[in-house]
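Asks: Please find the sequence and the predicted model below.
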Amino acid sequence: MDVQLIRRQFSSLNHDWILFENAGGTQVPDQVMQRVANFYREANVQPGDFYPKAVQSGQTVQEAHRFIAELLGAPSPHQIIFGPSATALNRLMSVSLQQRWQEGDEIIVTVSDHEANVTPWVFLEKFGLKVKFWPINPDSFDLETEQLKNLLTDRTVLVAFPHISNILGTENPVAEIIRMVHDAGALVYVDGVASTPHRVIDVAEWDVDFFVFSTYKTFGPHGAALYVKEDILKQLASVNHFFIGNKSPVKFELGTPNLEGCAAILGIRDYFKAITGITGDSFPRKKIVALMNNIHEYEIDLAWKLIDGLTRFRSVKIIGLSDRTQRERRVPVVAFTADSAAPEQIMKKLADRKIALGSGHFYAYRLIRYLELLQKGGVVRASLVHYNTGEEIERFLMQLSRILD
Ligand SMILES: Cc1ncc(COP(=O)(O)O)c(C=O)c1O
């Protein structure tokens, strides 16, 4: 990975701050800004008509769906639904799915999820569905499949879980969990918001039913995308106007699409092409997979440099996996607490030293409460992506030592 080449694509990184709050939203490369500016200049009209600007506008929307399908390994672009946020898309799906379920049916959610993948399912209790919580092992911080086995019954209709928690930063065995749930006859709803910027996503190979992620945490515009498996998509009740019919994705894309958002999504593809040296229009899936594998490798080094550095502080406790035998499972999203200072204090003192990161529960409220950290102000979270560097980690650790000593 040529990190200098990568950083040159992000003019928003031209300052002396260290940005370690990327799980809250990444920076966008200049290609994204360029696409948005060009769209407004050239094609900012309602798609669907026959004059050239309208054709270009429509093509932008279609191409954005096609690129996200390629990114996720989805068979077809019409299986990609765009929406304002992962939270909103999940709620939309719960409204649609509720119509196929009966009173007494069961949904399993986890304590480790961001609330976006919990509230929409707990909401269905109003309609007589029963919601059960899949806890993590508080020592290993893992969701254990043995526990899931005990929760699954012949009334289970859905299991909602995160590919990676936005606090714990560890990859769950997604394909294995999906197999188990399917064997029990239920559907799976995977939150990929914290994994898509870091990992190869392969919805077809995993056989996942629903997979959602936020484009603004994957170098793109504010918004989100949801993949739905074909046979389920066909059966799902539309939530759009009566005359729209059963066509996807429009039966779930309410109102005029976010046209400039679609243009911005194509900027992510331009960026990927620029850093892999690819010219021309096409950017095939195999190139995306190769790039994401490189990012994965680079980020594992970042993750462990950070974990190893934090482990050296006697007062610091890492909230998440720190066992090196499971090195591969980690992304560079590392939450921690310290005996000597509250999370918010640490965050403020780091901000005084030009290091930006967050503290609190990050909407994984139930996880922080389960770990008994709510009263203590939650955790400090350092979340990095592939434009961050080992040198930034060294500076961060040095400044942290001044705060904690
Ligand atoms: C793991 C995870 N899931 C879901 C969300 C919600 O995303 P959105 O803001 O797109 O609703 C977040 C946002 O922080 C997240 O980190």
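Replies: That came through fine. Residues are numbered from 1 along each chain as shown.
Asks: and the end-to-end length of stretch 140-147?
Replies: 14 Å (Cα to Cα, to the nearest Å).
Asks: cool, stretch 217-237 as well?
Replies: With Cα to Cα applied, stretch 217-237 spans 29 Å between its terminal residues.
Asks: how about the residues of the stretch 201-350 of the chain that lie near the ligand?
Replies: When proximity is defined by Cβ under 6 Å from any ligand atom, the stretch 201-350 of the chain lies next to the ligand at S214, A224. In this view, the C-beta of every residue, glycine as well, is placed from N, C-alpha and C.
Asks: Name the residue of the stretch 201-350 of the chain that lies nearest to the ligand.
Replies: Of all residues in the stretch 201-350 of the chain, S214 sits closest to the ligand, at 3.5 Å by Cβ to the nearest ligand atom.
Asks: what are the bridge partners for that residue, then?
Replies: On the basis of DSSP bridges, S214 is bridged to A224.
Asks: Spit out the contact partners of it.
Replies: By Cβ atoms under 8 Å, 6 or more residues apart in numbering, S214 lies in contact with S85, A86, V193, G223, A224.
Asks: How about the contacts made by the first one?
Replies: By that I understand S85. A116, S214, H222, G223, A224.
Asks: Which among these count as buried?
Replies: A116, S214, G223, A224 (16 or more other Cβ atoms under 10 Å).
Asks: pLDDT added to those, as a markdown table?
Replies: Below are these laid out as a markdown table (pLDDT from 0 to 100):
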| residue | pLDDT |
| --- | --- |
| A116 | 98 |
| S214 | 98 |
| G223 | 98 |
| A224 | 98 |
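Asks: Name the SS class of the residue most central in space within the chain, please.
Replies: What sits nearest the mean C-alpha location of the chain, by Cα atoms, centre = their mean, is V193, with 1.0 Å. For V193, the assignment made with DSSP: H, G, I helix; E, B strand; the rest coil gives coil.
Asks: Wait, it touches T215, no?
Replies: No - counting by Cβ atoms under 8 Å, V193 stays clear of T215, with 9.9 Å between them.
Asks: so what sits against both of those two?
Replies: Counting by Cβ under 8 Å, 6+ apart, the residues touching both V193 and T215 are A224.
Asks: Identify each buried residue in stretch 317-337, please.
Replies: Neighbour-count burial for stretch 317-337 [16+ other Cβ under 10 Å]: 317-322, 329-337.
Asks: Relative to L259, how far out is the residue of the stretch 201-350 of the chain closest to the ligand?
Replies: With distances taken as Cβ to Cβ, to the nearest Å, S214 is found 19 Å from L259.
Asks: what about D207, how many neighbours?
Replies: By other Cβ atoms under 10 Å, the residues close to D207 number 13.
Asks: ok, it touching V181?
Replies: No - with contacts counted by Cβ under 8 Å, D207 stays clear of V181, the gap being 10.1 Å.
Asks: Mind listing the shared neighbours of those two?
Replies: Joint contacts of D207 and V181 (Cβ under 8 Å, 6+ apart) do not exist.
Asks: mind listing what I265 touches?
Replies: A64, F67, I68, T215, G220, P221, G223.
Asks: quick one: the second one is in a strand?
Replies: This means F67. No - with three-state DSSP as the criterion, F67 is helix rather than part of a strand.
Asks: please begin residue numbering at 342 from this point
Replies: With 342 as the first residue, the last one maps to F408.
Asks: quick one: pLDDT of it?
Replies: We have a pLDDT of 97 for F408.
Asks: ok, and the closest non-adjacent residue to it?
Replies: Of all residues not flanking F408 in the chain, R610 sits nearest, at 4.8 Å (Cβ to Cβ, 6 or more residues apart in numbering).
Asks: what about the residue located most distally from the centre of the chain, distance to R376?
Replies: Distance from the C-alpha centroid of the chain, by Cα atoms, centre = their mean, peaks at Y392 (37.0 Å). The gap separating Y392 from R376 is 21 Å, by Cβ to Cβ.
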